[in-house]
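Asks: Have a look at this prediction, sequence included:
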Amino acid sequence: MQETLILRLPAYGTNEPIPWLVWHKNQQELIASGSLNSVDELSQLKDKAGRCEVVVALPGQDVFMTKVTLPAGTKRHLQRIIPYALEEELASDIEQLHFSWPDVKGITCRRSRKRANG
């Protein structure tokens with residue numbers, strides 16, 4: 001994709017405007033820009049998001065970064081496994097949250113074994 005839609009979302013629970021812009025990579029040029037009054041208006045950018053790479057900037061206080069150890073053989077099911085692996089660490093309903101992780105090519109899963117005494 002030649003164009004990138006960039007959004008800056010406000011802090012969770014606030015009602016600040018949402019600035020956005022569309023940048024053309026090859027031409028190094030601003031194609032369009034604007035501001036939405038609230039998250040309720042995000043659907044107005046649906047067409048632009050469909051044809052652009054989308055980058056969303058979030059306030060740091062709304063992001064939780066952590067590491068999780070997963071059982072071997074789970075790479076294919078990360079979307080289902082990661083939210084439940086983190087559920088106890090989160091104060092929110094996991095169905096209401098968004099989870100992301102690095103490209104699975106860089107993830108390695110190791111098996112851990114119980115050591116026998118003796």
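Replies: Received, thanks.
Asks: Helices of the chain, residue ranges please.
Replies: Using DSSP state H, the helices of the chain run over 46-51, 78-86.
Asks: can you list the ones you listed in a markdown table and add mean neighbour count, mean pLDDT and distance to residue 19?
Replies: To be clear about C-beta, it is placed using only N, CA and C from the backbone, and glycine gets the same treatment. Shown next, in a markdown table, are the helices of the chain (neighbours: other Cβ atoms under 10 Å; pLDDT from 0 to 100; distance: least, Cβ to Cβ, whole Å):
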| stretch | mean neighbour count | mean pLDDT | distance to residue 19 |
| --- | --- | --- | --- |
| helix 46-51 | 12 | 94 | 14 |
| helix 78-86 | 14 | 84 | 30 |
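Asks: So for residue 2, which of those helices sits nearest?
Replies: helix 46-51 (9.3 Å; Cβ to Cβ).
Asks: Does the closest one pack against any helices or strands, and if so which?
Replies: When contacts are defined as 3 or more Cβ pairs under 8 Å, 6 or more residues apart in numbering; DSSP states H and E, helix 46-51 packs onto strand 3-8.
Asks: okay, the residue minimising distance to the centre of the chain: pLDDT?
Replies: The residue lying closest to the centre of the chain (Cα atoms, centre = their mean) is residue 100, at 4.7 Å. pLDDT, residue 100: 81.
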